[in-house]
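Enquirer: okay, predicted coordinates and the sequence, questions at the end:
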Amino acid sequence: MNKNFNEMSFDELKCYRREVLWRSLGLLLVIILVITGMVFMDVNHVSPSNQNRFRGIGLTTVIALFGYLKPLMVANRVMRDHPDWVKKSGFGAKIPLPMAWHVKRLCVLGASLLVIGVGFTSLYKPQVQQTNVQDQIDIIQMDHDLEREQKFDQVLDTITPEDKKSE
């Protein structure tokens, strides 16, 4: 099928149209995964720099997939320009999609999903306050010491002015 879209039969164009449908569904899957990854990162308080890196990876991947989808969109335009072909050929497809198209589509989609998956797993690091029991005991002890010191200073402040008067 190395012909121009305008020179193809309606059945050949339907093959390209089905390929556009499959590629569009793959693109939709990638977009949903990118949005889900961004929501998980936002909800679980991942650092803003990692969120922005993942957004950049996701946006770049989606734009690349749009570029992968665009050349086949001409087949839809040719089909819209010739509505009489639908009456002649019918709506069902008579030519199966070539196996090479399935393999190529799966390779491209698999690579895209791999990029998104690796990007998410490498950048997904929730920021959690990590305190163990000893740290909590130390914090309580420091607070207690600070309170005692403040009380001691208050007592000294109340005692020293009288001492100064007696001198």
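Expert: Thanks, I have the structure now.
Enquirer: need the per-residue pLDDT for Asp138.
Expert: Per-residue pLDDT puts Asp138 at 77.
Enquirer: identify the residue nearest the geometric centre of this protein.
Expert: Residue closest to the average C-alpha location in the chain (CA atoms, centre = their mean): Val34, at 2.4 Å.
Enquirer: that residue against Val115, yeah?
Expert: No. Using CB atoms under 8 Å, Val34 is not in contact with Val115, being 10.2 Å away. (Each C-beta comes from the backbone N, C-alpha and C, glycine too.)
Enquirer: overlap in contacts, the two.
Expert: Shared contacts of Val34 and Val115 (CB atoms under 8 Å, 6 or more residues apart in numbering): Thr61.
Enquirer: still on that earlier bit, can you tell me the helix or strand for the residue nearest to the centre of the chain?
Expert: Per DSSP states H and E, Val34 falls inside helix 10-43.
Enquirer: for that helix, name the packing helices and strands.
Expert: Here helix 10-43 touches helix 48-69, helix 73-81, helix 84-89, helix 99-123, going by 3 or more CB pairs under 8 Å, 6 or more residues apart in numbering; DSSP states H and E.
Enquirer: and it, what's its mean pLDDT?
Expert: For helix 10-43, the mean confidence score works out to 89.
Enquirer: could you give the angle of it to helix 48-69?
Expert: Between helix 10-43 and helix 48-69, the angle comes out at 180 degrees (axes from the mean of the first three to the mean of the last three CA atoms, to 10 degrees).
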